[in-house]
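**Student:** how would this look folded up:
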Amino acid sequence: MPKQDPTVSRRETRAFLRAIHDGLGQPPLGGQLRATLIRCLDLLAEQDLERRFQNRERIAELLAEGGDQS
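**Tutor:** Alright, predicted model coming up:
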């Protein structure tokens, strides 16, 4: 299966974020929140099931720790 061009993926992600922004009528998202959303979408689109489950387990660990880094 050929790999998808990352620039196409980023354009689609940006279009998705614009649609969310337009739909909510909110001010622009901050850079960190936007980057986090993009990473989450990338994780959801991961084709490698083993890697997807590893990420899921890591997120579960962070949530169990309270997610605080303070």
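
**Student:** State the helix or strand in which the residue nearest to the spatial centre of the chain lies.
**Tutor:** By C-alpha atoms, centre = their mean, the chain has its centre lying nearest to Cys40, at 2.0 Å. According to DSSP states H and E, Cys40 maps onto helix 31-44.

**Student:** Which strands and helices lie in contact with that helix?
**Tutor:** helix 6-24 (3 or more C-beta pairs under 8 Å, 6 or more residues apart in numbering; DSSP states H and E). Where you see a C-beta, it was placed from the backbone N, CA and C, and this is true even at glycine.

**Student:** Alpha carbons of the helix it packs on, as PDB, please.
**Tutor:** Provided in PDB are the C-alpha atoms of helix 6-24 (Å, rounded to 0.1, in the frame of the first residue of the first chain):
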ATOM      1  CA  PRO A   6       2.300  14.100   4.300                       C
ATOM      2  CA  THR A   7       1.600  17.500   2.600                       C
ATOM      3  CA  VAL A   8      -1.800  16.200   1.500                       C
ATOM      4  CA  SER A   9      -2.500  15.000   5.100                       C
ATOM      5  CA  ARG A  10      -1.500  18.400   6.500                       C
ATOM      6  CA  ARG A  11      -3.700  20.300   4.000                       C
ATOM      7  CA  GLU A  12      -6.600  18.100   4.900                       C
ATOM      8  CA  THR A  13      -6.000  18.600   8.600                       C
ATOM      9  CA  ARG A  14      -5.800  22.400   8.200                       C
ATOM     10  CA  ALA A  15      -9.000  22.300   6.200                       C
ATOM     11  CA  PHE A  16     -10.600  20.300   9.000                       C
ATOM     12  CA  LEU A  17      -9.400  22.700  11.600                       C
ATOM     13  CA  ARG A  18     -10.700  25.700   9.500                       C
ATOM     14  CA  ALA A  19     -14.100  23.900   9.300                       C
ATOM     15  CA  ILE A  20     -14.200  23.400  13.000                       C
ATOM     16  CA  HIS A  21     -13.300  27.100  13.600                       C
ATOM     17  CA  ASP A  22     -15.900  28.300  11.200                       C
ATOM     18  CA  GLY A  23     -18.600  26.000  12.600                       C
ATOM     19  CA  LEU A  24     -17.900  27.100  16.200                       C
END
